[in-house]
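**Student:** please work out how this folds:
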Amino acid sequence: MARLPSLPKRYHSASVWGLYGFGLLPAAYAFYLGATGQLPGNPVKEFEHLLGLWALRFLVATLAISPIRDLFGINWLRYRRALGLLAFYYVLMHFLAYMLLDQRLNFPSILADIARRPFITIGMAALVMLIPLALTSNNWSIRRLGTRWNTLHRLAYVIATAGAVHFSMSVKVIGAEQLLYLGLVAVLLVWRLVRKPYLRRKRQAANAPVRTAAGSACGHLRLARTSTLDRISTKR
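**Tutor:** The predicted structure follows:
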């Protein structure tokens, strides 16, 4: 399989910061559309919807980094942290838009919504679970937590599932878009389950020719030694 040309290492840091910049453009553009009256229907609800949708997209993109590397050999791991933080920023903006623009800081109404409306309960749970992941998305936390960091960040799969369910439950009729994100998250979850056996078989297949070549070389060496010994015994 042909590999994509790799980015020179000196541009890695700039490309990550560029991802942050491009990643925040949809939020800025949605805000511009809302401020200029170009969002259809209820502009506040539409603004909330766009922020939540981009949060889900960044969550899916974050979880897709490992399968892309495993299946296609494309290593974009350097962008995974940025994608995860962008997902957190969008979830946070989605909630703030709901709290400030929709509910206008009516806390009794907000708490009642969280308690009575299941899709808001699920969305709020996703936000709460994202907070420790965002706070530990740094090298110091990785060193400090060790293997516990990996365990903690597996919550990303639960959060993505909650996000897809929240998105689907927020509409009256589940359409193609909702089914698409539910399907993508399901595929990522299944890949998580089969990833280790797949990689183990892949390593075994890659090592098989090496072992065969080594065995063949040992066989030739044994034959050569046997022939040499035979010649010596014949001379004797």
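**Student:** can you point out the buried residues in the helix or strand hosting I159?
**Tutor:** Following DSSP states H and E, the helix or strand that holds I159 is helix 155-169. Neighbour-count burial for helix 155-169 flags A156, I159, A160, T161, A162, G163, A164, V165, H166, F167, S168, M169 (criterion: 16 or more other C-beta atoms under 10 Å). Every C-beta, even on glycine, is put in place using the N, C-alpha and C of the backbone.
**Student:** how about E177, what does it touch?
**Tutor:** Counting by C-beta atoms under 8 Å, 6 or more residues apart in numbering, E177 touches no other residue.
**Student:** that one: what secondary structure?
**Tutor:** At E177 the chain is in helix, as set by DSSP: H, G, I helix; E, B strand; the rest coil.
**Student:** pLDDT at it, what is it?
**Tutor:** E177 is assigned a predicted lDDT (pLDDT) of 94.
**Student:** and the gap between it and A160?
**Tutor:** Distance of E177 to A160, computed by C-beta to C-beta, to the nearest Å: 16 Å.
**Student:** need the contact partners of stretch 112-123.
**Tutor:** Contacts of stretch 112-123 (C-beta under 8 Å, 6+ apart): G52, H94, F95, Q103, M124, A162, G163, V165, H166, M169, S170.
**Student:** mind picking the two most distant members of the residues you listed?
**Tutor:** Using C-beta to C-beta, the contacts of stretch 112-123 span at most 21.8 Å, a distance reached by Q103 and V165.
**Student:** about what we covered before: of the buried residues of helix 155-169, closest to L33?
**Tutor:** F167 (20.1 Å).
**Student:** I'd assumed L184 was in contact with that closest one.
**Tutor:** No - the pair F167 / L184 is not scored as a contact, 11.4 Å apart, by C-beta atoms under 8 Å.
**Student:** so, low pLDDT: which residues of this protein?
**Tutor:** For the chain, residues meeting the criterion pLDDT under 70 lie at 1-6, 209-236.
**Student:** go again using 90 as the cut-off
**Tutor:** 1-13, 40-41, 70-75, 171-173, 195-236 (pLDDT under 90).
**Student:** do a quick rundown of the helices in it.
**Tutor:** Under the criterion DSSP state H, helices of the chain are mapped to 12-35, 43-72, 80-96, 107-116, 118-135, 139-145, 147-153, 155-169, 176-235.
**Student:** measure the closest residue to A55 other than its chain neighbours to F58 for me?
**Tutor:** Excluding the flanking residues, the one nearest A55 by C-beta to C-beta, 6 or more residues apart in numbering is Y90, at 3.5 Å. Separation of Y90 from F58 (C-beta to C-beta): 6 Å.
**Student:** over to L101?
**Tutor:** From L101 to F58 the distance is 21 Å (C-beta to C-beta).
**Student:** for the residue nearest to Y20 when sequence neighbours are not counted, grab the count of nearby residues.
**Tutor:** Distances taken as C-beta to C-beta, 6+ apart put A82 closest to Y20, at 5.7 Å, once the chain neighbours are dropped. Neighbour count for A82, taken as other C-beta atoms under 10 Å: 20.
**Student:** mind listing what A82 touches?
**Tutor:** With C-beta under 8 Å, 6+ apart, A82 has these contacts: V16, L19, Y20, G23.
**Student:** name the helices or strands packed onto the helix holding I159?
**Tutor:** Secondary-structure packing of helix 155-169 (3 or more C-beta pairs under 8 Å, 6 or more residues apart in numbering; DSSP states H and E): helix 43-72, helix 118-135, helix 176-235.
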